[in-house]
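S.K.: here's my sequence, what's the structure:
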Amino acid sequence: MKKCLVVLSSVALLGLLAVPGFTQGHRHWGGGPGGMGGPGMMFPFMLSKLNLTSDQQAAVDKIMADHRSNFQNYFSQMEAAHEKLTAKLLTPTPNLTTDDLDTTEISNLRGQLMKEGLQVAVDIHNVLTPDQLNQASTLHTQVKALHDQMRSMMGK
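M.R.: Okay, here's the model as predicted:
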C-alpha cells in the first residue's frame, strides 16, 4: 500500500511539473499567438507557399523585426511567472489549494502575447494580395483536413 502511495504521489508531482511547460508558447515566431496550434502557427508555412514578391518579403521581415523584442519580452516574463508558480508547487506547504496559486500574471501575459501576435497577423494580412489570401485560405483548409484525418485515425 505504501509503495502504491509513493508511486501515485510521484506521478501526480510529475503532472504538476509538466503543466507550466505545456502551457508555454514556442520560443520562435512559429509559435504565434496562442502557443502551439494558435492562429500564428501556420504563418511561416503559408507565407513560404504564397510566392511573396521581394517587396512583400521585405515588409514581412520588417513587421517581424518590429515585434521581435516584444515577443522576447513576453516570453521571458512568462518563463519567470511559470518558474514562480512551479516553485510554489514544489514548496512543502500543507493543504495547498488552487486559491494559494495566483495565475493572474500568466493570464495577463498570455493576453498581451495574443494581442501582439494578432497585430502581426493583421499587419501581414494587409501586405498580401486577395489572391494570396485565397491561396492561404485553401492551404488552411487542406491542413485542417489533414489534422482531422489524423485525429480520426488516432480515435480522437
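
S.K.: what residues of the top helix by length along the chain count as buried?
M.R.: Of all the segments of type helix in the chain, defined by DSSP state H, the longest one is helix 54-90. For helix 54-90, burial by neighbour count (16 or more other Cβ atoms under 10 Å) applies to 56, 59-60, 63-64, 67, 70-71, 74-75, 77-78, 81-82, 85, 89. C-beta coordinates here come from the backbone N, C-alpha and C atoms, glycine included.

S.K.: kindly provide the distance from Ser76 to Thr138.
M.R.: Taking Cβ to Cβ, to the nearest Å as the measure, Ser76 falls 37 Å from Thr138.

S.K.: list the buried residues of stretch 119-137.
M.R.: By neighbour count, with 16+ other Cβ under 10 Å as the criterion, the buried positions of stretch 119-137 are Val120, Ala121, Asp123, Ile124, Val127, Leu128, Gln132, Gln135, Ala136.

S.K.: which SS state does Leu52 fall under?
M.R.: Here Leu52 is coil, with the state taken from DSSP: H, G, I helix; E, B strand; the rest coil.

S.K.: what pLDDT is listed against the residue lying closest to it once chain neighbours are set aside?
M.R.: Spatial nearest neighbour of Leu52, excluding adjacent residues (Cβ to Cβ, 6 or more residues apart in numbering): Val60 at 6.7 Å. With respect to pLDDT, Val60 has a value of 94.

S.K.: show me what contacts Ala136?
M.R.: Counting by Cβ atoms under 8 Å, 6 or more residues apart in numbering, Ala136 makes contact with Met46, Leu50, Leu128.

S.K.: so it versus Asn126, what's the distance?
M.R.: Taken as Cβ to Cβ, the span from Ala136 to Asn126 is 13 Å.

S.K.: can you check Met46 too?
M.R.: As judged by Cβ to Cβ, Met46 and Asn126 stand 15 Å apart.
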